[in-house]
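> Got a sequence here, can you build the structure:
(4 chains)
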Protein chains: 4
Amino acid sequence: MKRKIKYLKEKVKSIEVKKKNISQLLTEMKDTGFQGRKLGEVVEVWKKMLRDKNVTILLGYAGSLSTTGQWKLISWLIKNRFIDVLVSTGANISEDIIEALGYSYWKGSHLVNDRELLRENINRYYDVFGRETDYLKMTELISDFILTLKDNYPYSSREFLYLFGKWLTKKKINSIVTSAAKYGVPIFCPAIVDSPYGDAGLIAKSQGFNLILDNMKDYIEFMSLGRKIKETGVIYIGGGVPKDFIQLLAVTSNLLYPEREIPGRKAKIWRCEDGGKKLKETYYPHKYAIQITTDSPQWGGLSGCTFDEAISWGKIDEKGNFIQCYCDATIALPIVLHALAERIKFKRKGKIFF
Amino acid sequence: MKRKIKYLKEKVKSIEVKKKNISQLLTEMKDTGFQGRKLGEVVEVWKKMLRDKNVTILLGYAGSLSTTGQWKLISWLIKNRFIDVLVSTGANISEDIIEALGYSYWKGSHLVNDRELLRENINRYYDVFGRETDYLKMTELISDFILTLKDNYPYSSREFLYLFGKWLTKKKINSIVTSAAKYGVPIFCPAIVDSPYGDAGLIAKSQGFNLILDNMKDYIEFMSLGRKIKETGVIYIGGGVPKDFIQLLAVTSNLLYPEREIPGRKAKIWRCEDGGKKLKETYYPHKYAIQITTDSPQWGGLSGCTFDEAISWGKIDEKGNFIQCYCDATIALPIVLHALAERIKFKRKGKIFF
Amino acid sequence: MKRKIKYLKEKVKSIEVKKKNISQLLTEMKDTGFQGRKLGEVVEVWKKMLRDKNVTILLGYAGSLSTTGQWKLISWLIKNRFIDVLVSTGANISEDIIEALGYSYWKGSHLVNDRELLRENINRYYDVFGRETDYLKMTELISDFILTLKDNYPYSSREFLYLFGKWLTKKKINSIVTSAAKYGVPIFCPAIVDSPYGDAGLIAKSQGFNLILDNMKDYIEFMSLGRKIKETGVIYIGGGVPKDFIQLLAVTSNLLYPEREIPGRKAKIWRCEDGGKKLKETYYPHKYAIQITTDSPQWGGLSGCTFDEAISWGKIDEKGNFIQCYCDATIALPIVLHALAERIKFKRKGKIFF
Amino acid sequence: MKRKIKYLKEKVKSIEVKKKNISQLLTEMKDTGFQGRKLGEVVEVWKKMLRDKNVTILLGYAGSLSTTGQWKLISWLIKNRFIDVLVSTGANISEDIIEALGYSYWKGSHLVNDRELLRENINRYYDVFGRETDYLKMTELISDFILTLKDNYPYSSREFLYLFGKWLTKKKINSIVTSAAKYGVPIFCPAIVDSPYGDAGLIAKSQGFNLILDNMKDYIEFMSLGRKIKETGVIYIGGGVPKDFIQLLAVTSNLLYPEREIPGRKAKIWRCEDGGKKLKETYYPHKYAIQITTDSPQWGGLSGCTFDEAISWGKIDEKGNFIQCYCDATIALPIVLHALAERIKFKRKGKIFF
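Residues are numbered from 1 along each chain as shown, chains lettered A, B, ... in the order given. Sure, this is the predicted structure:
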């Protein structure tokens, strides 16, 4: 009888259509099922994360979403310091600049003659169109910036993007990178060349400038966060490299230290036994975790894997709050952020690391 | 240059977080991309459909969604006569009755020990739990109703469900079937026995009662709608038999008539040439179409196929308004209906067919 | 230490490319991971099922796969009596007849102008094309058959399809239905009108013939299998109504009997407690289960749900052998059947029920 | 009539089960539909690519597949020089080393108590288990290698991995990296630190060694391939950074040259008009393209986007041969490679670039 009580604690409640705001609707969806419930729970976990003063919030932002009208949502998160660290693809933090330059993306169709688009110099992103010339100008803008840097100096992507943000600020060009530089949110972009940033580097190279983007420095800088923070909350829009990178913070930042323990952090100590020999490892699993993804667990990849799988790796706290919602981010992100905006009345003080 | 203008007509607009209602947010999402845009467009097409007085609206309601807190949304559509005909799975129009009987579904988890649930008489629907005893009582309620029917009389599912709705009304049991009977919305359930209705029929059979549910009568009654309507709009929550069944209205209702033309309807005449011989066929493609689905086109099935594919069949009007949004219905349905509720100020007069 | 042994029992083995047959390759894939392993395990479970003499094998065959060159695979399963009962959609057991009539399906493309196809009387099934005229002739063939039946007599789909198979045999028209009639495999088609069969019924109706297809009779005939069998193995190609229908055999065939116990079957007795009162229910969960599907668990529907979820319902034996492989059936089915053909050396004696 | 002939050229053929080898089965699947046909076509396109002497073949290898018994397949491709360049995630070219060290991955389950795995030092990859200690030893092996490198020298991932391959060869440790070094296949790994390589770099750092992995040098080396090749064929196992990186070769390698034309290559010249001003750009779209993916186009990302979308970008030749098959790589890869092994009788001479 007790066990049944364990399973049958909270009732599903059928939603009634009536006047309500976005936050209220999501609260009600939390009492339904399937991914609708998950979306409601995303707001709950995010709110808890924001309230928890010990927690540093890291956002992984994958794919190419800035072309779809989402980039101001990310800027909003930065300006309100609802996040402390951003890990992004290169596309997501460059393609937004096109709008800032006064150009546009256009509402297109995914059922179109791509050969004709090619003739018209139009690039397609599923159902969004963009002009190749605008893309090229944005790339050239970045190459102009690169030429202001130090030759042959190994930059981390964080340093590089911070300097770029400062440079854009002077030019009064608004973008995610600009906001991040202004509000003290570091951006890491582990595969930065795989984007217009790489192309801009090629242009600079063709003019004799040798840019060094040190991937290892990125990793060291990112992992050194390990000793500046107490606990962590993570939010993944998609998966990809940004998710993998942030997940690793929980388990490998300790490798930076000879003792493999992070000075000053309450660790979950772990000892791997190996034929009697004890290998000391420390884990600092993420306390809160949110993922919005369209991938699925059965394909075995990290982008779609469950946070339960991540528990086996020590990346997610088994007693933590975590929620995954299988939904296109262009649906979930605007809805969740408007609900948060309605619900969060307090000001969050962001952490400054660099 | 002209052609470029053809492609670059409407700009994508980045969403800014500020105070707005659900309908406004969806209007803004319409100017983004990917499935977020599609969700915004679903509201637009639905609104147009509601405004078009010549249009009969048919809703296909697949899967087992009533357990997840969605059933009152369907009742709301019926009560407001935002739909004229409902085609459903058996699960969707029986499992709601459990709540009406005073029982409940419970918020569970999809990561659970199902062996333990089995011991506790708990059935799992992904992350929703329900008690087997409640399920059985609902089934027995239906068998009580069956025993009030005519033995050995061939009922269509529509007749059967209408009578059931009336019977439930007398018992003051609220449900989709009850609302439909009250507001004159016929319900077709082409595979009705594949559900608690079939189980209830087995119980009746064990007591010597022989129920006939005539699948062909269903089809004839449904296709005879062809001559009672002018134009059609269709909404599919999921795919399955409900979608296939409603899609066929466009192309096979004409087979009911020796001339293969529906008296009184403006048809798109079609002549199949076959080795010189002309076979006359008439088509009445759906003018508006909406689908919310989690299936994908590449698997080749009807549940995930595009409305473009349906154009080749003559099922969807090539000049019509159609939109598909790839999203879990438990996310899309509540959000879209609340946006509609905010946006639609007029009263729609439903059509009565039976 | 013991526990680790529990988890680390069988090694993953990397596949080496060398000469091997299909069956050997699948045996090797069984020692890999993700869905490749599952595909290898499908062959294993199927083989076990075939070897187990007490087991009746039921195949659920969903979607519209006969248009894609798969139908002879199903006929092969029937002829070799690798299955005992078939539950199908109407599409799957009618669209194959087009080939038998000497017509064809054609290799098309999913990226095509559907408006042009419409003008050319070509119907598209993702990347397969078919002529509307061929479709119509197949439908008219079925209506010719219907006119040979008894007017106003309530047929089950099984009876109807058996008679149709016999009729086709006389006409020397090869198809799934023909093979099934010849080899004694009953076919159930719970939503039969949602297909060319329904259309053929409309043509017959337009000529004054009243066909009754009794859905309840289907269910009763199918559930009465409960007392003719010992144990069950199930194979699902896709999900949909065929899966749901077959799954129910495990839990509702008992409702046909006043005592709710199936005479002569070793049941798993179950007593639902309900406020002290004991409700007797009996379960006969499937011993073996295979599903090949492209749906996913997170959408909450039956087509994608795990067999673990089915354990909570008593539909799948918790100690049974079950395997789900997430893969398009047009890939998995030919490969698995060729592996089975290589591996199975014995002759299986099929069971005859009707 | 002509047009119909255009659409109805090749018939679908139903597969008959009989003795055949893997290659023959795939040839037959090429005449079916849906993803089964696509899998058959993958073999065709791959074969054409191998035969075309002007073509350099690049393989993008995403995700974490080496743990699932796939890594020897990649080694086989390298040894037979069926590919010329490999772009990989870090996981895929490090986790294979665990087996080479004499350790193993284990057949696990995706339905397991991850909390218990955590206690047992077992990491889960969907249904594959691996020991944390083995992972750590592999990481430490890499850090041993790093300590043999030049401090503060900016390595490209290609240089780094080549040297690692040489070092492993001396240690007689077999792996993808070892084969690549031996057979002259360069490996690029654009986000290399997001993997055990990054972790190994942290260990080296903790010992005072400063490794520089220059992401920009990677991009420049990779793009400089543009002038060493004639035409390109690309194969993507999954999407992610490897796909994006290789796709860019077609359109941005020209940026390395002041004239934006690649000396010695037959280019498709392109001029972007921009308000009268002409911006010269050159494109070298991939002539052959294959992708095996589990992502879907409707989510808008590059991993799932169609090659048609890529045509609009100039990345894929509109007259080229391209095919996408939606299938888990653990199914598709072994089957396709065994078919290729049966079918290809000639020896391909690989290209050497570095």
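
> how many neighbours does the residue in the stretch 101-250 of chain A that chain C sits nearest to have?
With CB to the nearest CB as the measure, the residue in the stretch 101-250 of chain A that lies nearest chain C is A:Leu111; the distance is 8.5 Å. No exception for glycine: its C-beta is placed from N, CA and C like everyone else's. Residues near A:Leu111, counting by other CB atoms under 10 Å in any protein chain shown, number 13.

> Same check on the one 4 residues further on?
Neighbour count for A:Arg115, taken as other CB under 10 Å: 13.

> nearest residue to it other than its sequence neighbours?
Spatially, and ignoring its direct neighbours in sequence, A:Arg115 is nearest to D:Glu318 (5.0 Å; CB to CB, 6 or more residues apart in numbering or on different chains).

> A:Ile146 and A:Tyr197, how far apart?
If you measure A:Ile146 against A:Tyr197 using CB to CB, to the nearest Å, the figure is 9 Å.

> for A:Gly301, same thing?
Applying CB to CB, the value for A:Gly301 to A:Tyr197 is 25 Å.

> Same question for A:Ile83.
To A:Tyr197, A:Ile83 is 21 Å away according to CB to CB.

> What of A:Lys13?
As for A:Lys13, its distance to A:Tyr197 is 48 Å (criterion: CB to CB).

> Comparing these two, which shows the higher neighbour count?
When A:Lys13 is set against A:Tyr197 and neighbours are counted by other CB under 10 Å, the residue ahead is A:Tyr197, at 29 against 17.

> How about the contacts made by that one?
Residues near A:Tyr197 by CB atoms under 8 Å, 6 or more residues apart in numbering or on different chains: A:90, A:94, A:142, A:160, A:189, A:213.

> Adding pLDDT, neighbour count and distance to B:Leu25, write those residues out as JSON lines.
Putting the contacts of A:Tyr197 into JSON lines (pLDDT from 0 to 100; neighbours: other CB atoms under 10 Å in any protein chain shown; distance: CB to CB, whole Å) gives the following:
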{"residue": "A:Gly90", "pLDDT": "97", "neighbour count": "24", "distance to B:Leu25": "29"}
{"residue": "A:Ser94", "pLDDT": "97", "neighbour count": "29", "distance to B:Leu25": "27"}
{"residue": "A:Ile142", "pLDDT": "98", "neighbour count": "23", "distance to B:Leu25": "33"}
{"residue": "A:Phe160", "pLDDT": "98", "neighbour count": "25", "distance to B:Leu25": "35"}
{"residue": "A:Cys189", "pLDDT": "98", "neighbour count": "32", "distance to B:Leu25": "30"}
{"residue": "A:Leu213", "pLDDT": "98", "neighbour count": "27", "distance to B:Leu25": "38"}
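
> Out of those residues, which is nearest to chain D?
Within the contacts of A:Tyr197, the smallest distance to chain D is 4.2 Å, found for A:Leu213 (CB to the nearest CB).

> need the longest strand for chain A.
Under DSSP state E, the strand in chain A containing the largest number of residues is strand A:316-326.

> Next, the angle strand B:316-326 makes with the following helix or strand past that one.
Later in the chain than strand A:316-326, the nearest helix or strand by DSSP states H and E is helix A:329-343. If you take axes from the mean of the first three to the mean of the last three CA atoms, to 10 degrees, helix A:329-343 sits at 60 degrees to strand B:316-326.

> Does at least one residue of helix A:329-343 sit close to chain B?
Yes - if you take CB under 8 Å from any CB of the partner chain as the test, helix A:329-343 does meet chain B, through A:329-335, A:337-338, A:341-342.

> got a list of what the closest residue to chain B within the stretch 201-350 of chain A touches?
Among the residues of the stretch 201-350 of chain A, A:Thr330 lies nearest to chain B; the distance is 3.0 Å by CB to the nearest CB. Going by CB under 8 Å, 6+ apart, A:Thr330 touches A:65, A:68-70, B:29, B:32-37, D:300.

> Same question for A:Ile331.
Contacts of A:Ile331 were listed using CB under 8 Å, 6+ apart, and they are B:29, B:35-36, B:39, B:327, B:331-332.

> if we can go back for a sec, distance of the residue of the stretch 201-350 of chain A closest to chain B relative to D:Ser253?
In this structure, A:Thr330 and D:Ser253 are 32 Å apart, going by CB to CB.

> Repeat that for A:Ala100.
Between A:Ala100 and D:Ser253 the distance, using CB to CB, works out to 28 Å.

> Which one's more surrounded, the two?
More crowded of A:Ala100 and D:Ser253, by other CB under 10 Å: D:Ser253, with 24 against 19.

> That one: what's it in contact with?
D:Ser253 is in contact with A:202, D:223-227, D:262, D:284, counting by CB under 8 Å, 6+ apart.
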